[in-house]
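> this one's sequence-less:
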C-alpha cells in the first residue's frame, strides 16, 4: 500500500511537471543569439564548419561538432524557463557528470555579475526536456544558457510562459580570444558546462574566450595551425601541451606559433605549459613524460620569444595548487583544480592583455 | 587500412593490459583492514548491519548498503596495483561521475600526508577490473583505497605483483566521529570517492570521520536517532538539515540530540546548518525553504544549548564561498564547494574538539 502511494505520488509529480512544461511556449534557440563559435558557418551548434577544413584530422573534426563553449544569449520576463534538447546518443565517460557531458546550465546577470541559476538534467542520452527554473520573481532576466560540453547538440528549444517575452540579446563579452587545447580546455572534468575554464574566464573577465578544446587531440598538426590562423581573433591562448608527445612539442610548437603569427602580426599569443599530472605522483613514467613535454615547450617558446615580442608564457607552477586534490582522475582538473588554474591564469592573462589596444 | 591499424593498436593495448593485470596476484580485500564502518557487523561493505535495526525506514536501510566512506588500509612493496570489483547494476545519476558513484580512488602516504595516487575507472555498471597504478618506485607504500560512494560494493580484490607483499595495516585515523547527513555527506557531487567531505576531513585532521550520509533521507527519524545513539563515538556531527522539512526540523531536532545525549553524556555534538542552496538564487521557493529550515534548526539548537554544554553549532554563512560556483546542480557541492565547506568546518570542528580529552 505504501509503495503504491509512493508510485502514485511520483506519477502525479511527473504528470504535473509535464503539464507545466507543456504550458510553456517554446522557441528554437537558432532564433536567439548563439555565442562561442570559433567561426560562424556550419551547423548551428558545431564550433565551426568542419567541412571547410578537409585537411584536419577526422577525430579533430568530430570533436569540433561538440557544443563545448557555446551558449545562448537571451532575456525574458518569464518566471519559468524550460528546455527541450537533443544530443547524439553517446553516453558520458566515467570522469564526467551527465550534466556536463550532455546537459546544460543557466546563468542570470545580477548586479553586473553572471550568477548560477539552474541546470538542465539529461534523463536519457538523446532527447530530453527539463524545467530549469521556476518560481522566479517577475521582471526581466538577462540569461546565458551553456550547451553540452562533450556531445553534439542536435536541437534546442527554450520555453517561457506564453504571455512572457523572449528576446535575443547581443554577445555580452567583448574581444575575441581563442583558447586552443586538450580535454582540459574542452571541459573535462567540470561538473557542469558553465564551469569549464574558458567559460569561467569569460564571465570573470568580460572577454569572449572561445573554447577550441579537442579532447585528447590537441596535437598542433599543421592543418589545425592553418585553420586557427584563419580565425579573426584579438588574442590566442595555446594550452595544447598535454596531448602532444615530447617529440611533437619540439617538432610542432614553432610551426603553430609562426602560422598564427603570419596572419596576425601584432596579436598577443599566450602559451601555457601543461598542468602537472597528479597521475604522475607515483607513476614515474607519467611524471617523466609531462616533465619532458614542459621542458621542450619552454625551450621552443623561449626560442621563439627572441624574435616574437608578442609571445608570452604561463608556466605550470601552482596551476593545480599544492594539495594534489585538484583532479578527478589524475589528469583532468575537477572544479577545484579549475578554480586554481583560474587564480593563476586570469591575472597573468589580464596583465598581458592590458598592454594591447581595446583590452585596457 | 588506418582504421584497421587503430583497431589493432587498441586490441594490442587491451590484450597487453589484461595480460599485465592477469599477472598480478589478487587478495580478497576482506583479508585486509576495512575502515569507515559505523558499526562492525553485517556484510563487509555495508556501513552497518541494517538487519539489526528493523525500525529504520527501508530507504535509509538501502542507502546504508552503499560503501560511502569505506576504505581499505594496506601496504605493499609492489610497483603495480590492480583491482577487480563488483557493484550492484545501478547506473550513476546525472550529477555524479561514474568514478565517484561506483569507482574507487587510491591514496598513498608521502612525507606524512595522504596523497592522491590513482583511480579505478568503472567501464561497466557491474564487475570491473582496472590497473590503478604502475611504474611505481620500489619500496613500501602505505595505501588507502576508497570504495564506491553511491553503490553497493559486492566484492573487491586487490592485485599486486606475485613476488610483492600485501599487508593489512591498522586504521590510520584516531578518535571516532560520526557524521550523519544528507547526500552532501554521502558524497554527491564529489568527483571521486576520496573527495567526499568526510573523507577529506579524516585525511586532513587525522580523526576517523565516519560517513553516515543517507542521500535525500537524513530526516532524523526516531528509529534512526536510536540507531545512532548505539554507536560508540567520540563525537557526533549532525549535517542533516537539508533533507528535513522546516516542520520536521522543529519536530525532530531535539529528539535526535537528546537521544544521542542520553547514551553519551559528555561527548561533543556539533550541529551544522544547511548550506545555502544555489538553486535558490532565483527560485524563490527553494530560497524560502532553506531559510526556514535553518531558522528552525537555529532555534532548536539554541534552546537545547541552554541545558547542553557539549552541543555546538556551525552556521551556514560562507560554507560555499560567495561566487555561487560551488555546486554541480544548485544543491550538491562540487569539489570546489566541498573545499570551501572544509575551510570553514575543519577549523571550527578542531576548535571545539581540542577541549575534549584525547583530541588535543
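Received it, and whenever you're ready, just let me know what you need. The structure presented is a predicted model; accordingly, all values stated were derived computationally and were not measured.

> so, in contact with chain B or not, stretch A:44-54?
No. Using CB under 8 Å from any CB of the partner chain, stretch A:44-54 stays clear of chain B, with a minimum separation of 15.8 Å. For the C-beta atoms, the positions are set from N, CA and C on the backbone; glycine is no exception.

> what sits up against that stretch?
With contact meaning CB atoms under 8 Å, 6 or more residues apart in numbering or on different chains, stretch A:44-54 is reached by A:29-30, A:34, A:36-39, A:41-43, A:56, A:61, A:64-70, A:147, A:152-154, A:156, A:210-212, A:223, A:226-227.

> who touches the closest residue in space to residue A:28 that isn't next to it in sequence in this structure?
Leaving aside its chain neighbours, residue A:28 sits nearest to residue A:157 (5.6 Å; criterion: CB to CB, 6 or more residues apart in numbering or on different chains). Counting by CB under 8 Å, 6+ apart, residue A:157 touches A:26-29, A:83-85.

> Now do the closest residue to chain B within the stretch 101-250 of chain A against residue A:133, distance only.
Nearest residue of the stretch 101-250 of chain A to chain B (CB to the nearest CB) works out as residue A:191 at 3.9 Å. In this view, residue A:191 and residue A:133 are 18 Å apart by CB to CB, to the nearest Å.

> Then residue A:206?
The gap separating residue A:206 from residue A:133 is 24 Å, by CB to CB.

> If you count surrounding residues, which of the two has more?
residue A:133 (24 against 13; other CB atoms under 10 Å in any protein chain shown).

> what domains does the record give for chain A?
Chain A breaks down by automatic domain parsing into domains covering A:24-168, A:174-353.

> The ones you listed into a markdown table, with extra columns for distance to residue B:77 and mean pLDDT?
Below are the domains of chain A laid out as a markdown table (distance: least, CB to CB, whole Å; pLDDT from 0 to 100):
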| stretch | distance to residue B:77 | mean pLDDT |
| --- | --- | --- |
| domain A:24-168 | 29 | 98 |
| domain A:174-353 | 13 | 98 |
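
> All the helices of chain A, residue numbers only.
A:2-22, A:58-63, A:98-102, A:183-186, A:197-205, A:222-229, A:246-263, A:284-305, A:335-353 (DSSP state H).

> interface residues of the stretch 201-350 of chain A facing chain B?
A:278-279, A:281-286, A:324-330, A:334-339.

> Show me which of those are buried.
A:278-279, A:281-283, A:286, A:324-330, A:334-339 (16 or more other CB atoms under 10 Å in any protein chain shown).

> Name all residues that make contact with the most centrally placed residue in chain A.
For chain A, the residue nearest the mean C-alpha position is residue A:69 (3.5 Å; CA atoms, centre = their mean). Residue A:69 makes contact with A:36, A:47, A:149, A:187, A:196, A:198-199, A:209-213 under the criterion CB under 8 Å, 6+ apart.

> before we move on, the earlier item: among the helices of chain A, which is the most enclosed?
helix A:98-102 (a mean of 30; mean count of other CB atoms under 10 Å in any protein chain shown).

> and it, does that touch chain B?
Yes. Counting by CB under 8 Å from any CB, contacts between helix A:98-102 and chain B involve A:98-99.

> Not counting its own residues, what contacts that helix?
By CB under 8 Å, 6+ apart, helix A:98-102 touches A:87, A:90, A:92-93, A:105, A:119-122, A:125, A:148-151, A:187-193, A:195-196, B:92-95, B:328-329.

> I'd like the distance between residue A:163 and residue A:25.
Residue A:163 is 9 Å from residue A:25, where distance means CB to CB.

> quick one: which of those two has more around it?
Using other CB under 10 Å, the more surrounded residue of residue A:163 and residue A:25 is residue A:25, with 15 against 8.

> ok, and the closest non-adjacent residue to the more buried one?
Residue A:25 sits nearest to residue A:162 (CB to CB, 6+ apart), 4.6 Å away.

> How about residue A:287?
residue A:280 (3.3 Å).

> check contacts around that neighbour.
A:286-290, A:330.

> The stretch 51-200 of chain A against chain B: which residues are in contact?
A:92-99, A:103, A:108, A:110, A:115-119, A:121-123, A:133-137, A:141, A:189, A:191-192, A:195, A:200.

> at 7 Å instead, please
Within the stretch 51-200 of chain A, the positions adjacent to chain B are A:94-99, A:103, A:108, A:115-119, A:121-122, A:133-137, A:189, A:191-192, A:195 by CB under 7 Å from any CB of the partner chain.

> Quick check on those residues: which are buried?
Buried by 16+ other CB under 10 Å: A:94-99, A:103, A:108, A:115-119, A:121-122, A:133-134, A:136, A:189, A:191-192, A:195, out of these.

> Name the residues linked to the nearest residue to residue A:24 once chain neighbours are set aside by a beta bridge.
Nearest residue to residue A:24 in three dimensions, chain neighbours excluded: residue A:159, at 3.3 Å (CB to CB, 6+ apart). Here residue A:159 sits in beta bridges with residue A:26, residue A:82, as judged by DSSP bridges.

> returning to what we had before: what sits against the residue of the stretch 101-250 of chain A closest to chain B?
Residues near residue A:191 by CB atoms under 7 Å, 6 or more residues apart in numbering or on different chains: A:97, A:99-100, A:335, B:189, B:328, B:334.

> same check, this time on residue A:146
Counted by CB under 7 Å, 6+ apart, residue A:146 has contacts A:71, A:104-105, A:193-194, A:199.

> Next one: the residue nearest to residue A:28 from residue A:20, what distance?
16 Å.

> With residue A:299 instead?
Distance from residue A:299 to residue A:20, by CB to CB: 60 Å.

> Residue A:105 too?
Distance from residue A:105 to residue A:20, by CB to CB: 20 Å.

> swap in residue A:360?
Applying CB to CB, the value for residue A:360 to residue A:20 is 48 Å.

> do the same with residue A:128
The value you get for residue A:128 to residue A:20, if CB to CB is used, is 16 Å.

> Which of the contacts of residue A:146 fall in strands?
Counting by DSSP state E, the contacts of residue A:146 place A:71, A:104-105 in strands.

> For residue A:248, state which of those is nearest.
Lowest distance from residue A:248 to the ones in strands among the contacts of residue A:146 (CB to CB) belongs to residue A:71, with 32.0 Å.

> Who are the contact partners of the closest one?
Counted by CB under 7 Å, 6+ apart, residue A:71 has contacts A:35-36, A:144-147.

> Give me the subset of these that lies in strands.
Checking the contacts of residue A:71 against DSSP E, those in strands are A:35, A:144-146.

> Residue A:355: which of those is nearest?
residue A:35 (25.8 Å).
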